[in-house]
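Enquirer: Below: sequence and its predicted model.
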Amino acid sequence: MKTKVVFHVNRDDQESLLIALGNMENLLKVVPPEEAGVYLLSNGKSVKLFQRDRASEYASTVKSLSEKGVHFLVCNNSLNKFGIKPDELIEVCEVVPAGIVELIKLQSEGCAYVKP
Amino acid sequence: MKTKVVFHVNRDDQESLLIALGNMENLLKVVPPEEAGVYLLSNGKSVKLFQRDRASEYASTVKSLSEKGVHFLVCNNSLNKFGIKPDELIEVCEVVPAGIVELIKLQSEGCAYVKP
Amino acid sequence: MKTKVVFHVNRDDQESLLIALGNMENLLKVVPPEEAGVYLLSNGKSVKLFQRDRASEYASTVKSLSEKGVHFLVCNNSLNKFGIKPDELIEVCEVVPAGIVELIKLQSEGCAYVKP
């Protein structure tokens, strides 16, 4: 059975994101990427953390995790609220229409929930 | 299948509650209320946020969401701890004996968990 | 059916831990210990809270809950990161290799998730 998890970040709090990234790295040392389904769902003010301008410290970690199969999902409702365009985000981000809907759907599909 | 979710607030932190209310509004724009089972569980210090005296900014949002079927559950253990009487709360709140028990039960019945 | 829950603490924030301990006490007043599966998973900076030197205020509560069957799981990755040896922890703690893996596994086995 796959190891499935969604990390939820929703504040403009870089520490939460760095904790999530570290957790993912630790997880993928133990679980082979092909046996894992790992998601990060960003909504609310946390979407600002994925703007390339803000992300110089951790953009390379995000990209490296994306290459291992991690999905970085960013809420479009929140992008609109803060006037951020999708093309301002780290390139590997995937924009979803409503983050809260995705967060519920992923859990109903068997993802564990982790709030860093 | 129903879209089921419980939002958990437990700090005396108005921002958490406002985020939860905003998430619920976004959710109910996408999912018809009759296909949703949406709960907010308040325990710990967060029960103070539901006192009518404190809630003038968001009481109308709480009532409007309640009319759409959202259940606002408030922990009686916590009310007792802080000396708050049920009749001091926004009228639509439902008091449950032990919030933690309800939080576990809702998840065991298929609710996703969201900590704003 | 068993009442199963994992409490997740990951910050060096004593209030989170005290809330979790209070929630557990309330839970075990209602659910007989033999019908409950209660876990606390500590990773990240929160592992420091379980050092005996730091824990004088709540070590006895931790021990008492452990006697009722609560498992206190502490992440070894995090202990290594902060240079803490397992024998510095409150005696009842159980060290697990990777906290994040355990947190996902417990949820996949039916534990509800609670972030205090």
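Expert: Looks like it arrived, so ask away. Numbering: from 1, shown residues only, chains lettered A, B, ... in the order given.
Enquirer: those helices in chain A, which residues are they?
Expert: Counting by DSSP state H, one finds helices in chain A at the ranges A:14-30, A:59-67, A:76-81, A:99-108.
Enquirer: Go ahead and name everything in contact with the last one.
Expert: Spelled out, that is helix A:99-108. In this structure, residues lying in contact with helix A:99-108 by C-beta atoms under 8 Å, 6 or more residues apart in numbering or on different chains are A:4, A:6, A:8, A:39, A:41-44, A:73-78, A:96, A:113, B:1, B:3-5, B:23, B:26-27, B:30-31, B:110, B:112-114. Where you see a C-beta, it was placed from the backbone N, CA and C, and this is true even at glycine.
Enquirer: Quick check: the residue of chain A nearest chain B.
Expert: Residue nearest to chain B within chain A: A:Gln107 (3.8 Å; C-beta to the nearest C-beta).
Enquirer: Write out the residues of chain A neighbouring chain B.
Expert: Taking C-beta under 8 Å from any C-beta of the partner chain as the contact definition, chain A meets chain B at A:8, A:10, A:43-44, A:77, A:97-98, A:100-101, A:103-104, A:107-108, A:113, A:115.
Enquirer: Top of these by number of neighbours, please.
Expert: A:Ile100 (33 neighbours; other C-beta atoms under 10 Å in any protein chain shown).
Enquirer: ok, the closest residue to A:Asn10 other than its chain neighbours - contacts?
Expert: Spatial nearest neighbour of A:Asn10, chain neighbours left out: A:Gly44 (3.8 Å); criterion: C-beta to C-beta, 6 or more residues apart in numbering or on different chains. Residues in contact with A:Gly44 (C-beta under 8 Å, 6+ apart) are A:10-11, A:75, A:78, A:99, B:19, B:22, B:116.
Enquirer: still on that earlier bit, which one of the helices of chain A lies nearest to C:Pro86?
Expert: Checking the helices of chain A against C:Pro86 by C-beta to C-beta gives helix A:14-30 as the closest, at 17.9 Å.
Enquirer: quick one: that closest one near chain C?
Expert: Yes - contact of helix A:14-30 with chain C (C-beta under 8 Å from any C-beta) involves A:19, A:22-23, A:26-27, A:29-30.
Enquirer: Top of those residues by number of neighbours, please.
Expert: A:Asn23 (27 neighbours).
Enquirer: Next up, the contacts around that one.
Expert: A:Asn23 touches A:7, A:114, A:116, C:43, C:100, counting by C-beta under 8 Å, 6+ apart.
Enquirer: and if you look at A:Val9?
Expert: A:16-17, A:20, A:40-42, A:46, A:49, A:116 are the contacts of A:Val9 under C-beta under 8 Å, 6+ apart.
Enquirer: what's the burial count for the residue nearest to it when sequence neighbours are not counted?
Expert: Leaving out its chain neighbours, the residue that sits closest to A:Val9 by C-beta to C-beta, 6+ apart is A:Ser46, at 4.3 Å. Residues lying near A:Ser46 (other C-beta under 10 Å) number 23.
Enquirer: again, but for A:Tyr58
Expert: Neighbours of A:Tyr58 (other C-beta under 10 Å): 17.
Enquirer: Then the one 3 residues further on?
Expert: Using other C-beta under 10 Å, A:Thr61 has 16 neighbouring residues.
Enquirer: Now it: closest residue in space that isn't a chain neighbour?
Expert: Leaving out its chain neighbours, A:Thr61 is closest to A:Leu21 (C-beta to C-beta, 6+ apart), at 5.1 Å.
Enquirer: which bits of chain A sit near chain C?
Expert: A:1, A:3-5, A:19, A:22-23, A:26-27, A:29-31, A:110, A:112-116.
Enquirer: cutoff 7 Å now
Expert: When proximity is defined as C-beta under 7 Å from any C-beta of the partner chain, chain A approaches chain C at A:3, A:5, A:19, A:23, A:26-27, A:30-31, A:112-116.
Enquirer: Serialize those residues to a markdown table and add fields for pLDDT.
Expert: Output for these, formatted as a markdown table (pLDDT from 0 to 100):
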| residue | pLDDT |
| --- | --- |
| A:Thr3 | 96 |
| A:Val5 | 98 |
| A:Ile19 | 98 |
| A:Asn23 | 98 |
| A:Asn26 | 96 |
| A:Leu27 | 97 |
| A:Val30 | 95 |
| A:Val31 | 96 |
| A:Ala112 | 98 |
| A:Tyr113 | 98 |
| A:Val114 | 98 |
| A:Lys115 | 98 |
| A:Pro116 | 97 |
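Enquirer: for those, which one is nearest B:Ile84?
Expert: Looking across the residues of chain A next to chain C and measuring by C-beta to C-beta, the closest to B:Ile84 is A:Lys115, at 26.7 Å.
Enquirer: shouldn't that closest one be in contact with C:Val114?
Expert: No - at 10.0 Å, A:Lys115 and C:Val114 do not qualify as touching, with contact defined as C-beta atoms under 7 Å.
Enquirer: what residue is smack in the middle of chain A?
Expert: A:Leu40 (2.5 Å; C-alpha atoms, centre = their mean).
Enquirer: Make sure it is actually in contact with A:Ala20.
Expert: Yes - contact criterion C-beta under 7 Å: A:Leu40 and A:Ala20 qualify, at 5.9 Å.
Enquirer: intersection of neighbour lists for these two?
Expert: By C-beta atoms under 7 Å, 6 or more residues apart in numbering or on different chains, A:Leu40 and A:Ala20 have these common neighbours: A:7, A:9.
Enquirer: and the residue nearest to the centre of chain A, what pLDDT?
Expert: A:Leu40 carries a pLDDT value of 98.
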